[in-house]
Structure formats: structure tokens, C-alpha cells
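> Turn this into a structure:
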Amino acid sequence: MENLVAGGAMGVPFNALYDVIKEVVVKTKMFKPLLEDLDSTIDSLKPLIDEMEKCNKVLDHPENELKGFKVQMQKGAVLIPKCSKVRWWNICKKYKYTNQLLGLNSSLRSLFDILNVQAARDGKKTLVEVGHIGTVVQHTHTTILEVAENVQQNLVATNDIETVVHRTDVTSLQVARDVRNIDTVVQRTDETGLQLARGVRNIETVVMQIADKFVVPNQKIDQVQGWGAVPVFAPFTVGVDMPLRELKIKLLKDEKVTMLVLTAPGGCGKTTLAIKFCEDYEVKDKFKDNIFFVTVSKKSDDLVVQELYHCRGSKIPTLHGEVDVVKWLQQFRIGVGKSPVLFVLDDVWSGSESLLQKFDDFKLPNSKILVTSRFRFPRFGTQHILEPLNIEDATTLFKHSASLGDRSCYVPEDIMRKIIEHFKGSPLAITVVGRSLCGKPVESWLKRASTLKGASILNSEATLLDGLQSCLDALNEEDHNLKECFLDLGSFPEDQRISAAALIDMWAELYKLEDFDSIANLHELAARSLANLLITRKEKMEADGYYSEHFITQHDLLRQLAIYQPKLDANNKRRIIDKWGDNLPECLTGQKHQPIKARLLSISSDGVFSTNLDNIELAEVEVLVLNFDTQNYALPEFVVKMDKLKVLIVRNHGFLPAELCNIQLLGSLSNLKRIRLERISISSITKNLIQLKSVVKISLFMCNIGQAFSNCSLQISDALPYLEEMNIDYCNDLVELPAALCALVNLKKLSITNSHKLSVLPEEIGKLVNLEVLRLRSCTDLAKLPDSTRNLEKLNFLDIADCFSIRELPEDFGGMSSLKKINMRMCSRLQELPSSVLDLEQLQEVVCDEDTGHLWELFLPHLRNLHIKPVKENVNLNWLHKLQ
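Presented below is the predicted three-dimensional model:
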């Protein structure tokens, strides 16, 4: 660090002071709070002093302005032993030494701030140097792209010449020589490109190493593993060891096998086996970081290619048609170079032959492709059929799922064997059935066994669905609402992550469930293996109403069960439509069909369907879910007919935010209460903003906001006059909260979470006088809270967890006199609290960590109702392998 004393000149007095404090603090009771505060300060300083010494020995910087701190340390080393000798009755010395200790602590804290400023200043200098290196990287990258383009042109030339060779016998020898010459040029050009690529990677490595050295301690941002990351497999699996060995032999040992298609009926464990393969030590040792796992399902080819770029951390390309898909897939392969690479294409559906062909055309010598599918693709690669579980493995899995343990003796052996024999081929079915019988009396087992007819479920998928339906019938007998919640999960596309917040909105209006009731239902469905619940919160669960980091996934077979088994929804409470192109189901267009009276309507489409559907009557719909993956989307015209619509959920599951039009159609819906938008460009809405008087809650997830609210066609306060709750989550282009939003004076809850670029809150936020909950969780660039927050007199909960750029709280922080709970975990740069916190007489709980907990200790005697709740970090990086 620059401007610090040379060598060990600062380190010597500091270490002396450090040792004295550590020795005296455990022995002295008289000044214990002050000494403990000093002990905390000195601990914070130690890593900075150590780093300073290390840097100065290398850089040999001269001694200068920090001599005063050196003197203070020397005096402190003399003062502290004196404090240990003061008797309790010596009030004069006690007063004298108290002031001196406070002065010493203040001096050390000032030193701490100076060192942090020095680190930041040095870091900026380094970033400038990194910027220069980045320019070199960019130039080199451009060169590589030019080389790659030359390679492509040469390859085209080669193909043309080969065509001439095929057609012309007379000049074949001469043309063949030309082909060989061009092949030589291509090979040399390719080698040059790879050498340049290695150079870029080396430069990038140096840049990362330099940047890592200047990361401020405790400044951690989770590197979320998004699309393309390998999912987490089930903690308990059976019957995968032998299939795993067979896969490794074929894909690792046999050089002739470049693509392997793993096939089996749905629910037989194909995905589980593929995940186990990716997690195997030998596989990871060979492919290193070049393992790309993509769940294909019914995705378009361009989405799959975009997912690969997202996984590699590259800029996601905008694709327009097949030509672009082929081009960018080829560029991706070139970028990987000659390193071994593994592509896993999971759950590939029939009709995806064009995608497999593209991967097959561009395979490299060191690349391997593993495909999992219910369908066989005989044209591609080596076929490998996953055998069903044997009876021993099926029994083990069933007993584990039913949690029988030693209680298996209470269940008749013949009954248990009948159930296992029927479901033995499908680990999914065995798990679901086992969980549904867990803890049930023998009579329930007898009843379930009596409903099973025919041979094993492997005979047909329909038989499997019939068998699984028996679990849902039993669920209906226990909790009708729970069954309805399960069926509603089918409203979202398969193999996509469903936000629990979206389900909360739906069920609040459909079934009048409180937020915690909805979450309890999700836990119950997960316990029965009817869904997978993923929670990405880093601390242990708090009952604070924050569920934006709860997600649900569901096996596609269970989704089929929810959609296609008509007995489960005999009253047609929901209509779920999966359609692509301009072809609606006959039930929506046929003149002979009765009007749809479902309360829930879900449409998944590619955005190409007609909006002029005059014969559709949807007056009873209360919840509308629209799923699409296009860059432009128009709300369907029939929305205006939904007089009872209460919840609108618009989900773009593509990679780039979509433009949304026809928003004016919502102006006539007088019952619309909740709107949730995912991956939408908000500017496309605000430029044609309309008044929505009935809306009380708006949620924006991964939307582009920018300056949208500052450029509205209508004042936001006029458009949403009765809005009570606003949630902004993962909106990473939000740098400053628009002041216009602070005119929403009826707002009671404002939640801005995981928006890492948010750095400024406007002073106008103090106008939100009715605000009861302010959540700024994981806004890692947010530097401070505005002074005007003192006006939020009704605020009872403040969440600034993971806002580790906040260095201080407003001086009048205590003006928020209704505060009952604060979450300030991981606010690691916060060094002290303003004295006004003594005015928080209603404060009952502060959630914190070790770094922030000690800040409250001095105030505990005065805040008698306050409970400090320390929490430990529960880091979960295995989340959202697809953030959908």
C-alpha cells in the first residue's frame, strides 16, 4: 500500500499493543466493555497491518503521515497494563483511563478507515492497469474471430472444391492437390487461432489473479450457477453403480463413441444417472470445467445454444434463425479449443433431430455428447438402454421412501411385494408411492394394493400415470387444498424452475391462503416427492415473509399427471394449454364446445398464436399464466373478457428481456389485484402506461428497469394509486431507485433484493410514510441509507442483509421508532451504530452475524426488549442450474 510507513515500522508498535490487549482483556473486569471494544478494533486492524507490512517490504515505501498513529500505539501499550491495576474505588483514575481508552479506540478506528481508503485507492489504480490488459484481450479476441472467419471461409472453399472433384473426373488429381493445399492452410490457421486463444486465457488468468488481490475482505458475492450447471442429484440413489460403469467404459474408454443416447421410459432415472456421471471423479478429472449440462425438453435450438454461452460466462448472442444457431454453435466449439469437452443434452424430445444433427456435425476429437431421452434416435451415436431396477434395488428404495426401517414387519410381506412388483421399474413412482404410504396404518396399504391392476407400469406410460393417480386420490382425502396446489404446478412449463412467490400470488386469490400456508403446502408436496423444493437463502430460515429464494421443480411425468388425467380435475377448475404455432386446441375454438369456466388458465406458447378469438368465453378466469420465450410478446385480446381476473403472471423463459405490448387491455379489469412479470423490459410498458386502480401488488423478476419509471407516459402514482406492495428481484440493471416510485404513498411493502448494481436510494424515499416493510437484501453496491428514512415512522421491519457496502447508518436512524425487527447479517463494513438507536424502544429482534452483533452490545442495557439473534452462514451454491 502506498503512503504507509516502510517495513515493520508500523508493525512493531502494533504487535506490541495487540499482545498487551489480548493479555489484559481476559484478566481485567474494571474496563471490560472498553477493552473488548478495543479488542474488536485491533482484530479488524490486524489483517490490514499485516498486508501493509507485506506490501511495504516489497515496495520499500518511505515513512510519512502515519507517525501519529505509531505514537498512539506506543502510548496504548503503556496505558493498558495500568488499567489492569486500577482499584474499583479509585474513581479519578477510572475516569481518566476511560477517556484515554476511548481516545485510543477512536484513533485505531481512524487508522482502520485510512487503510481501507488506501486499499480502495490502490485497487482503483490496479483496475486501470487491468483495463489496459482488458483492451489487449479485446484486440486479441477480435483477431481470433477474424481467424475463425477465415477458417470458415476456407472450409466453405474446401467443400466447394470437393463437389467439383466429385463431378469432374478429368481434373480430379489437380483439384485434389488444391484441396490438400487448402487443408494445410486451414490447419495452420486453426493452430494460429488456438495459440491466440491460449494467449487470451493466459492474460485473463493474470487479470483474475490481480483482481483477486484487491478484493476487500468479507466482500463476497455468490457466484450463482445458472443455466448449464450440473443439477444436484438426489441424496439417496440405488441401482446406478453398474449403469455408471457402463457409461464410463463407453464414453471415456472407447474413442470411437462421440455421442451416446441413453434411453428409457419416463421416471426410470436417466437424468439421475447423467448427473452421477458428471459428478464422477474420473469424468471431472478429464473434462475439468468443460462440462455443460442442458435440459432440452421442448426448447428451441437457439435457446439451447444461448444456454451454453450463459454457462460459459460469455455474452449471450441474439439469434435469428438456423444460420445464426449453426454459426454461434461453431464459435462456441472454437472457443473451447482442443480441451476435452462434455455436453449433456438431457430430456431430448422427439422432433429434436435437427439439434442433435448440429451437435453431431461440429463434434471435435476430444468432445463427448451424452443424450438422455424417452425416445430412441437411431441415426445418432451409440444407443444405450437403461435397464429397470431389479427387485432388490426396488425394495431398498421403497423401504427408504416409506421410512419403514424396523417397522417393515408390521406391513404384510405379500402386500409390500405386490406394490413393489407393480412399480419396480420406475424409481420416481416407487419414491412417490412410498412417501404417500409413509406413516400410514396397514389398512391404507391394503387399500392401495387393491387399486393396482394389471402388470408392471413399464408396460405403458398410461399405466404409470394411472398408478401415480392413486397417490393423488389419497392426497385428496387428506387435504383437498394440497391436491389443488399440486395440480396448479402444471401451469408452468416442464423442466423449469417455478418461483414460490408466483404460487403465493395464485393461491392467495384461489384458495385464500396466507403466504406461510402456501409455503407449508410446498414443503408437504416436497415431503411426498410430488415436487422438489429448492431454497437458496444463505441463513437459516426466518419467519419474515421473504420467499423470493424459494423455488419448485417438478418431474415432467408428474406434470403430465396434473394436466392429462381428467379425473383429477373433474370440475374443470383449470385449463392448461401447451401449444406452439397458430393452432389452438379445439376446446378453445370449436363452436360446439361450451365456454371455458375454469378459474385458472395457463397458456404456454411461442407467441405466434392469434389474438382474434371471438368465440372464447373466459369470464370466470381468476388467474392467468402466460409462458413464452420470444423477444416480443403481445397480451392476447381475449384478456379484456376476463372480468373476474385477479392475478396475471407473465413469464418469459428466454434469456433476454422481452418487449411486452397490449398492456392497455388491462385497463378494463376492475378486479385485477396482482401482476407478476418475469424477464420483461419495463420500458415497453411504461411508455404506454395506463391506470390500474385495483392493483395492490406488483412483482418484477429479472426485468430490465433502467430509467423506465422516470419516463412514464403517466405518473406512476396516478397509474397505481392503491399499490401496497412492490417487489423487485434480480433486476441487475437497476443502479438508482427512481424517485418517481416514492410517490406511491400507499405502499406498505417495498422489497428490492439481489439487485447487485443498486447503489443509490433517493431522498424521496422518506415520503413513503405508510411503509411497514423495507427489504434491501443482497443489494451489494448500496452504500448508505438516505437520511430521510427517519420519516418512515410506521416501518416495523428493515432487512439489509448482505448489504456489505453500507459503512454507516443515518444519524437519525432512531426516527424509525416503530421498528421491531432488523436483519443486518453480513453488513461487514458497518463499524458503529448511531446513538439514536436508543430511541428504538419497540425493537425486539436484530438478526446479525459475529461481525455486526457486537455493535449492539453497548445498547442492550437500554433496549430492554431487544434480543440479538446471531446466525451462521449457510452457503448454498448448488442452486438454480436453470434460473427459470
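> confidence score at Cys742?
With respect to pLDDT, Cys742 scores 93.
> got the contact list for the closest residue to it other than its chain neighbours?
Spatial nearest neighbour of Cys742, excluding adjacent residues (C-beta to C-beta, 6 or more residues apart in numbering): Glu764 at 3.8 Å. In short, each C-beta sits where N, CA and C put it, glycine included. With contact taken as C-beta atoms under 8 Å, 6 or more residues apart in numbering, Glu764 is in contact with Ala739, Cys742, Ala743, Ser788.
> my guess is the first one contacts Gly766, does it?
No: using C-beta atoms under 8 Å, Ala739 is not in contact with Gly766, being 11.1 Å away.
> Neighbour count for these two, which is higher?
The neighbour count for Ala739 versus Gly766, taken as other C-beta atoms under 10 Å, is higher for Gly766 (18 against 15).
> Let me know the distance separating the more buried one from Met702.
When C-beta to C-beta, to the nearest Å is the yardstick, Gly766 and Met702 sit 29 Å from each other.
> circling back: the residue nearest to Cys742 should be in a helix, yeah?
Yes: the assignment for Glu764 by DSSP: H, G, I helix; E, B strand; the rest coil puts it in a helix.
> which residues of the stretch 601-750 of the chain fall in helices?
683-686, 716-719 (DSSP state H, counting those that start in this stretch).
> just those: most buried one?
Of those, the one with the most neighbours on average (mean count of other C-beta atoms under 10 Å) is helix 683-686, at a mean of 20.
> what packs against that one?
Here helix 683-686 touches strand 659-661, going by 3 or more C-beta pairs under 8 Å, 6 or more residues apart in numbering; DSSP states H and E.
> Across the sheet, point out what pairs with Leu533.
Ile552 (DSSP bridges).
> show me the residues around it that make contact.
Leu522, His523, Leu525, Ala526, His550, Phe551, Ile552.
> What helix or strand is the second one located in?
It stands for His523. Assigned by DSSP states H and E, His523 belongs to helix 515-527.
> Give me the average confidence score over that helix.
In this model, helix 515-527 has an average pLDDT of 91.
> The chain should start at 178 in everything you say after this.
With 178 as the first residue, the last one maps to helix 692-704.
> number of nearby residues for Lys961?
16.
> Roughly how far does it sit from Glu686?
Distance from Lys961 to Glu686, by C-beta to C-beta: 38 Å.
> Same question for Asp755.
The gap separating Asp755 from Glu686 is 23 Å, by C-beta to C-beta.
> how about the helices of the stretch 778-927 of the chain, which one is nearest Asp466?
When these are compared by C-beta to C-beta, helix 860-863 sits nearest Asp466, at 36.5 Å.
> returning to that earlier point: weed out the non-buried ones from the contacts of Glu941.
The neighbour count (16 or more other C-beta atoms under 10 Å) marks Cys919, Ala920, Ser965 as buried among these.
> Where does the prediction get shaky in the stretch 528-677 of the chain?
581-586, 601, 629-644, 647, 651-655 (pLDDT under 70).
> Show me where it has its helices.
530-538, 568-578, 590-600, 604-614, 619-628, 638-655, 657-665, 677-687.
> Serialize these to JSON lines and add fields for distance to Lys252.
Listed next are these as JSON lines, based on distance: least, C-beta to C-beta, whole Å:
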{"stretch": "helix 530-538", "distance to Lys252": "72"}
{"stretch": "helix 568-578", "distance to Lys252": "67"}
{"stretch": "helix 590-600", "distance to Lys252": "78"}
{"stretch": "helix 604-614", "distance to Lys252": "68"}
{"stretch": "helix 619-628", "distance to Lys252": "78"}
{"stretch": "helix 638-655", "distance to Lys252": "73"}
{"stretch": "helix 657-665", "distance to Lys252": "68"}
{"stretch": "helix 677-687", "distance to Lys252": "57"}
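> any chance of the ones you listed in TSV, with mean neighbour count too?
Shown next, in TSV, are the helices of the stretch 528-677 of the chain (neighbours: other C-beta atoms under 10 Å):
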stretch	mean neighbour count
helix 530-538	16
helix 568-578	18
helix 590-600	17
helix 604-614	24
helix 619-628	14
helix 638-655	18
helix 657-665	20
helix 677-687	22
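> Mark which of the contacts of Leu710 are buried, thanks.
Buried among these by 16+ other C-beta under 10 Å: Leu699, Leu702, Ala703, His727, Phe728, Ile729.
> What is the nearest of the residues you listed to Asn809?
Closest to Asn809, out of all of the buried ones among the contacts of Leu710 and judged by C-beta to C-beta, is Phe728, at 26.9 Å.
> what sits against the closest one?
Contacts of Phe728 by C-beta under 8 Å, 6+ apart are Arg674, Ile675, Ser676, Ala677, Leu710, Leu711, Ile712, Thr713, Trp1056, Leu1057.
> just those residues now: which is nearest Asp462?
Using C-beta to C-beta, the contacts of Phe728 come closest to Asp462 at Trp1056, 24.9 Å.
> Quick check, pLDDT for that closest one.
pLDDT at Trp1056 comes out at 36.
> and what of Lys302?
pLDDT, read off for Lys302, is 48.
> go on, Thr348?
So, for Thr348, pLDDT stands at 39.
> so what's Phe878 up against?
Ser676, Ala678, Ser725, Arg853, Leu854, Glu855, Arg856, Asn904, Asp906, Tyr907, Cys908.
> Got the confidence number for the second one?
The one in question is Ala678. For Ala678, the predicted pLDDT is 96.
> repeat for the third one
Here the pLDDT value assigned to Ser725 is 90.
> SS state for it?
coil.
> give me phi/psi at it?
For Ser725, the backbone dihedrals (degrees, to the nearest 10) come out as phi -70, psi -10.
> farthest pair in the contacts of Glu941?
Ala920 and Ser965 (13.8 Å).
> Now list whatever residues contact both of those two.
When C-beta under 8 Å, 6+ apart defines a contact, the residues bordering Ala920 and Ser965 alike are Glu941, Lys944.
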